[in-house]
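**Student:** Just need the structure, nothing else, for what follows:
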Amino acid sequence: MAWIIYQFSDERGDGVLDVWFRKARIQKTARIRLDQKVDMLAMYGPVLPPQLLAGPVCDHIYKLKVKASGIQLRPHLCKGPIDNNNEFTFLCGAIEKDDALDPPDVCERSQANRETILKDNRRRKSYERLIPEAQE
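**Tutor:** Numbering: from 1, shown residues only. Coordinates of the predicted model:
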């Protein structure tokens, strides 16, 4: 069964990961590695090894572990929250360095974004790959 992957969107409709990619200057090679992990998540859902999907790290929140080009991406996500059996939603981007997450309040931000989606499910959009599958 394929899982549907979403990302939280802000008031302007910008995806939380899209904004994070720009602000944190996540390089193309790291985004491609993230896309590979997202593909696994879409294919296998929560049945991923703990070195890929950790959690819950806080209430309902998981983190996807991606190592790439000297950077450790730790985007936070949840099952659902609309359909917990068929979808995941990325809630906040984070980078791990020296066993600390940046931003340090990533769990709180993720939980707030999850609550926003529960109140208004239009506050999320499909996760878009850096390179669409049809062009690979």
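
**Student:** Just the strands from the protein, written as ranges.
**Tutor:** Secondary structure of the chain (DSSP state E): strands at 4-8, 53-58, 61-64, 66-68, 71-73, 76-79, 87-92, 95-97, 100-102, 124-126.

**Student:** what's the third one packed up against?
**Tutor:** This means strand 61-64. Of the remaining helices and strands, those touching strand 61-64 by 3 or more CB pairs under 8 Å, 6 or more residues apart in numbering; DSSP states H and E are helix 28-44, strand 53-58, strand 76-79, helix 106-119. Backbone N, C-alpha and C define where each C-beta goes, glycine included.

**Student:** any idea which of those is most buried?
**Tutor:** Stretch with highest mean neighbour count among the helices and strands packed on strand 61-64: strand 76-79 (a mean of 24; mean count of other CB atoms under 10 Å).

**Student:** one step back: what about the helices and strands packed on strand 61-64, which gets the closest to Leu17?
**Tutor:** Proximity of these to Leu17 was assessed by CB to CB; the nearest stretch is helix 28-44, lying at 8.3 Å.

**Student:** With mean pLDDT and distance to Ala24 as new columns, can the strands of the chain be given to me in CSV?
**Tutor:** Formatted as CSV, the entries for the strands of the chain read as follows, by pLDDT from 0 to 100; distance: least, CB to CB, whole Å:
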stretch, mean pLDDT, distance to Ala24
strand 4-8, 98, 15
strand 53-58, 94, 19
strand 61-64, 97, 15
strand 66-68, 92, 13
strand 71-73, 95, 9
strand 76-79, 98, 14
strand 87-92, 98, 12
strand 95-97, 95, 6
strand 100-102, 95, 8
strand 124-126, 96, 19
